[in-house]
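> Give me a 3D structure for the following:
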Amino acid sequence: MLRIQPLLLVLALSVFPALAQPPGTVKPTIAHTITLNAYADNWCAIFINGKLVAVDAIDFLPHNQISIKILPEYPMTIAVLAKDNAEPATGLEYGNKIGDAGFILKLGDGAVTNAAWKAKAFFRGPLNSTVTNPTVERTPLPARWYATDFDDSAWGKATEYTAERVGPDGDYVAADFTNAKFIWTSDLNLDNTVVFRTTVPKPAGYVKPWTTTPDLDVSAFPAEIAPAVTGVTTDAGQFVNLSTRAFVGTADGVLIPGLVIGGTTAKRVLIRAVGPTLSTFGVTGALADPTLTVFRGSTTIASNDNWQDQTNAAALATAAVSAGAFTLPAGSKDSALLLTLDPGAYTFRIAGAGTSTGIALVEVYAVP
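Numbers count the residues shown, from 1 in each chain. The predicted structure follows:
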């Protein structure tokens, strides 16, 4: 038997050459990893060198500290999408409150969040801190904002905040973030969606101890999940959604926002005039029965009073889900239209049935 075993081993390696490793091959081990700790008020997703490495599993309650192991590949480009708890149409939380935010991160190699990181806001509100008639401002996230070669040179620097100002709670452990600073943009209250970026250089004297590379390629993961998650592309300049909330009067006091569709391709859009459903978000004085009319110039394109009275009510509900809009209750007197509009300028007239007045929310969503 002792004479046969070496022969069997040689035969096995010749038949299954993948079992044999090249001379000098060193595979990484858990000892080569470092710890990443992160905490966000209220939620974050973290990319390193273009790969998604961590997502906060809890949307906003309680504030959730993330702790994972990573295998460092220097230089390391870290990109973070951070979101505060804010209602998409108003920027408010818990009805009529203006929330604050904050993000902090520390790596086991000593890298920490501070004012040297880049920061840019993509969703702001309520603008001017107006709670009575809040409006928001959205900018689509640029394509590949998480990539190593993304150009963030025009972005501003992050602003540092004290732990007392951010007020971390949940399972936050201060000892895990020694020397790290809470960061956000310069407006901790109104900027609700922020992207942070930095590049961590190779530490002095560091020598990578492993020589292998993975056969598994996960770099395409964000593109693979984007259609399923958003339903729309996120290329720079791509329209996603617009919304504004205002008081609707009578005669010249009705609400008349506009939309211009550029290019040469027709766009499918969901347009909604929300009145009574606003009361479920704590809004007082909501318009009880809004009507919605879409014009191109002086020509009426379409109109609606109660959204569920239309023959395509089911398609309207489906479109709202795919666009990320909140659900309109069955039988509500809110108005909505699902239209395919050619390039050009359009206006939307929101009025109250009869001579009624009140607060209404007008929304326009791009629908795939």
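> Where do the domain boundaries of this protein fall?
Domains of the chain are assigned by automatic domain parsing as 30-230, 241-366.
> from the middle of its chain, how far away would the shortest one be?
Relative to the chain's own centre, domain 241-366 is displaced by 24 Å; criterion: C-alpha atoms, centre = their mean, to the nearest Å.
> likewise stretch 145-156?
Chain-centre distance of stretch 145-156: 17 Å, with C-alpha atoms, centre = their mean.
> If we go by neighbour counts, what in that stretch is buried?
145, 146, 147, 148, 150, 152, 155 (16 or more other C-beta atoms under 10 Å). C-beta: built from backbone N, CA, C; applies to glycine.
> Repeat that for stretch 182-198.
182-185, 188, 190-198.
> Widest-spaced pair of those residues?
Spanning the widest gap among the buried residues of stretch 182-198 are 190 and 198, at 23.3 Å by C-beta to C-beta.
> With respect to residue 208, which of the buried residues of stretch 145-156 is nearest?
residue 148 (17.1 Å).
> any idea how far residue 171 is from the closest one?
Counting by C-beta to C-beta, to the nearest Å, the gap from residue 148 to residue 171 is 31 Å.
> Could I get the pLDDT score of the nearest residue to residue 72 once chain neighbours are set aside?
Once flanking residues are discounted, residue 72 sits nearest to residue 34: 5.6 Å by C-beta to C-beta, 6 or more residues apart in numbering. pLDDT recorded at residue 34 is 95.
> Quick check: residue 34 touching residue 70?
Yes: with contact defined as C-beta atoms under 8 Å, residue 34 reaches residue 70; the gap is 6.2 Å.
> Between those two, which contacts overlap?
Shared contacts of residue 34 and residue 70, defined by C-beta atoms under 8 Å, 6 or more residues apart in numbering, comprise residue 107.
> Please identify which of these two sits among more neighbours.
residue 70 (20 against 13; other C-beta atoms under 10 Å).
> give me phi/psi at the more buried one?
phi -130, psi 150 (degrees, to the nearest 10).
> on that earlier part again, which of the buried residues of stretch 145-156 fall within helices?
Secondary structure from DSSP state H places none of the buried residues of stretch 145-156 in helices.
> Now the two most distant members of those residues.
148 and 155 (15.4 Å).
> Residue ranges in this structure under the pLDDT threshold?
Applying pLDDT under 70 to the chain picks out residues 1-24, 61-62, 219-239.
> which residues in it form helices?
Listed in chain order, the helices of the chain (DSSP H) span 4-15, 163-166, 221-230, 313-323.
> Spit out the contact partners of residue 157.
115, 116, 117, 118, 119.
> Show the buried residues in those residues.
Buried by 16+ other C-beta under 10 Å: 117, 118, 119, out of these.
> which residues does the last one bridge with?
So the one you mean is residue 119. residue 156, residue 196 (DSSP bridges).
> quick one: it from residue 324, how far?
24 Å.
> do the same with residue 165
31 Å.
> Likewise for residue 156?
Taking C-beta to C-beta, one finds residue 156 at 28 Å from residue 324.
> Residue 26 too?
46 Å.
> now swap in residue 102 and tell me
Relative to residue 324, and taking C-beta to C-beta, residue 102 is found at 24 Å.
> for residue 174, same thing?
In this view, residue 174 and residue 324 are 35 Å apart by C-beta to C-beta.
> Neighbour count for the two, which is higher?
Higher neighbour count among residue 174 and residue 324: residue 324, with 14 against 11, using other C-beta under 10 Å.
> ok, that one touching residue 241?
Yes: shown here, residue 324 and residue 241 form a contact pair, counting by C-beta under 8 Å, at 7.5 Å.
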